[in-house]
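A.B. asks: okay, predicted coordinates and the sequence, questions at the end:
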Amino acid sequence: MATFEEQTACVVEALFSDLLGEDESECRSLETDSGEPMRSAVKYRTTFDPTVIASRLRLMGDRCNMDFERVSSEALAEVFTGKVEKFAAAVDSLSKRWRDQNPELVYESAFLSVAVKLVMHIAKKVPALVHPTQLIEVINGNPRVRNYIEAQGGWENLDS
């Protein structure tokens with residue numbers, strides 16, 4: 001069985017593949033290859049589809065109506081100047097702000113929405129600044145988000 005971290009990596013790679021317009025993500029082959037499956041992903045053939053989950057994440061990001069160009073945030077400004085180590089701080093700060101403006105959202109959903117929207121925004125503005133590892137680390141490094149996803153039954157049950 002793949003770990004949460006491995007699944008997160010596959011989902012994020014599929015999201016980046018979609019965002020950057022690549023044909024297929026490497027993780028998509030887990031479901032479609034007739035050859036040798038990648039490490040320990042065989043158990044997820046019927047339920048874990050990174051491409052479908054990435055599509056749900058993209059929908060979450062699309063719902064975030066935050067205008068990053070008009071938001072005042074020191075961490076966000078640093079991200080835009082190339083300090084990608086501030087990405088996690090920017091996502092956390094912005095997701096709390098967005099949740100305050102939309103109290104019907106749970107923190108974890110707001111966090112995922114803002115993280116994906118910010119990645120999409122950076123990918124359009126300065127593609128060289130954004131890498132899958134940033135989003136993978138932000139998701140895997142937030143215990144509240146991980147617990148939220150696991151409480152829903154894992155990535156495959158994440159609602160968009």
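C.D. replies: Noted; the coordinates are in hand.
A.B. asks: for the rest of this, base every contact and every neighbour count on C-alpha atoms.
C.D. replies: Fine.
A.B. asks: and the next element down the chain from the worst-scoring helix or strand of the chain on mean pLDDT?
C.D. replies: Ranked by mean pLDDT, DSSP states H and E, the weakest helix or strand in the chain is helix 29-32, scoring a mean of 36. Using DSSP states H and E, the next helix or strand after helix 29-32 towards the C-terminus is helix 50-63.
A.B. asks: which other helices and strands contact that next one?
C.D. replies: Helix 50-63 sits against helix 4-19, helix 107-125, with contacts defined as 3 or more CA pairs under 8 Å, 6 or more residues apart in numbering; DSSP states H and E.
A.B. asks: tell me the buried residues in the first one?
C.D. replies: Buried residues in helix 4-19, counting neighbours by 16 or more other CA atoms under 10 Å, are found at 6-18.
A.B. asks: which one of the residues you listed sits closest to Ser55?
C.D. replies: Leu15 (7.1 Å; CA to CA).
A.B. asks: quick check: the closest one touching Ala54?
C.D. replies: Yes. Leu15 is within contact range of Ala54, at 4.8 Å (criterion: CA atoms under 8 Å).
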